[in-house]
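> Sequence plus predicted model, see below.
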Amino acid sequence: MDAKLNLPSEAFEEPDYCKYNSNGEILEECIDKTITSYVVKNGCKVIGERAFDGCIKLTEIILPASLEEIDESAFEGCVKLSTIDLSCVKEIGDCAFFSCTSLKDLVSSNRIKHIGSRAFQHCTSLREIRLSDKMNTIEEGAFSDCLSLRKVYNWPNVDNIKKEAFMNCWHLNDIHLPNCLTSIGDSAFESCDCLTEIELPINLQQLGHRAFANCSNLRKVIANTLKFVNDAFEGCDRIQQIEKKESNQ
């Protein structure tokens, strides 16, 4: 009669390639940097700082409904990651997806309250972004160097676009700035070559240096006041019309 070998159930469990904190709410680190896909455990609320930084083969990450926050540089340099569903996320940290050069499709939600500085900088394949009506600020360099970005949706309550937020978004061609916008930072839209027309909101109080500089195809600017027309449009050699928009007040 053959002897039976009783192994603990853990022996048949798939190894986990990530380290979590004691209660499983924070994914602290991806241990195996060669993984190509990963499903984050249910109950996880935070993906920690630099958790997947350097996972250059990662193409797919599945996030649980419990996830609320993605920390600083969590996916920085994941150059093969092509899509991600952020529909449950509320906070995205600085440089969270910096230089994810294959990221094309971004599923976001109306829960997002904050996207950090340079969070999506140099995501050169990203084509469009849908923001949240809970957001008030586009942080510094948040989408700079997104060379394929064409459209920005759903940002009705944004009142502050900080410096270099959309700098070098060469293909950005459909921008309707929110009516409540009061400040556009230095170089915020510099070198957005496909912009042909821009209407500055009636409530705008500050237009930074070189805000729209070197937008080489910009032809028409509509503004409530002409006091902003300084080096904000430097290098926009094709502007044919600067139109003053009359206030309804």
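Here it is on my side, so go on. Numbering: from 1, shown residues only.

> can you pull the pLDDT of residue 242?
In this model, residue 242 is scored at 77, pLDDT.

> Neighbouring strands - and their directions - for the helix or strand harbouring it?
Assigned by DSSP states H and E, residue 242 belongs to strand 241-244. Sheet pairing for strand 241-244, assigned by DSSP bridges, gives strand 220-223 (parallel).

> what's next to the partner strand, contact-wise?
With contact meaning C-beta atoms under 8 Å, 6 or more residues apart in numbering, strand 220-223 is reached by 196-200, 204, 212, 229, 233, 239-245. C-beta coordinates here come from the backbone N, C-alpha and C atoms, glycine included.

> Can I get the buried part of the residues you listed as one ChimeraX selection?
Buried subset of the contacts of strand 220-223, written as a ChimeraX selection, criterion 16 or more other C-beta atoms under 10 Å:
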select :198,200,204,212,233,239
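
> which pair in the contacts of strand 220-223 spans the largest distance?
The span of those, defined through C-beta to C-beta, is set by 204 and 240 at 21.7 Å.

> got any ranges where this protein has weak pLDDT?
Residue ranges of the chain with pLDDT under 70: 1-15, 226-229, 245-249.

> Spatially central residue in it, please.
Of all residues in the chain, the one closest to the mean position by C-alpha atoms, centre = their mean is residue 120, 4.0 Å from it.

> how close does it get to residue 39?
Here residue 120 is placed at a distance of 23 Å from residue 39 (C-beta to C-beta, to the nearest Å).

> And for residue 112?
Going from residue 112 to residue 39 by C-beta to C-beta gives 22 Å.

> Next: residue 159.
According to C-beta to C-beta, residue 159 and residue 39 sit 38 Å apart.

> Compare those two (neighbour count), which wins?
residue 159 (18 against 11; other C-beta atoms under 10 Å).

> which residues touch stretch 37-45?
Residues outside stretch 37-45 that contact it (C-beta under 8 Å, 6+ apart) are 17-18, 20, 24-27, 30, 47, 58-69.

> how about it as CSV, C-alpha atoms only?
In CSV, the C-alpha atoms belonging to stretch 37-45 read as follows (Å, rounded to 0.1, in the frame of the first residue of the first chain):
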residue,chain,number,x,y,z
SER,A,37,0.9,40.7,-15.1
TYR,A,38,-0.5,41.0,-11.6
VAL,A,39,-3.9,41.0,-9.8
VAL,A,40,-3.8,43.2,-6.7
LYS,A,41,-5.5,41.5,-3.8
ASN,A,42,-9.0,42.5,-2.7
GLY,A,43,-8.9,44.7,0.4
CYS,A,44,-5.8,46.6,-0.7
LYS,A,45,-6.4,50.3,-0.4
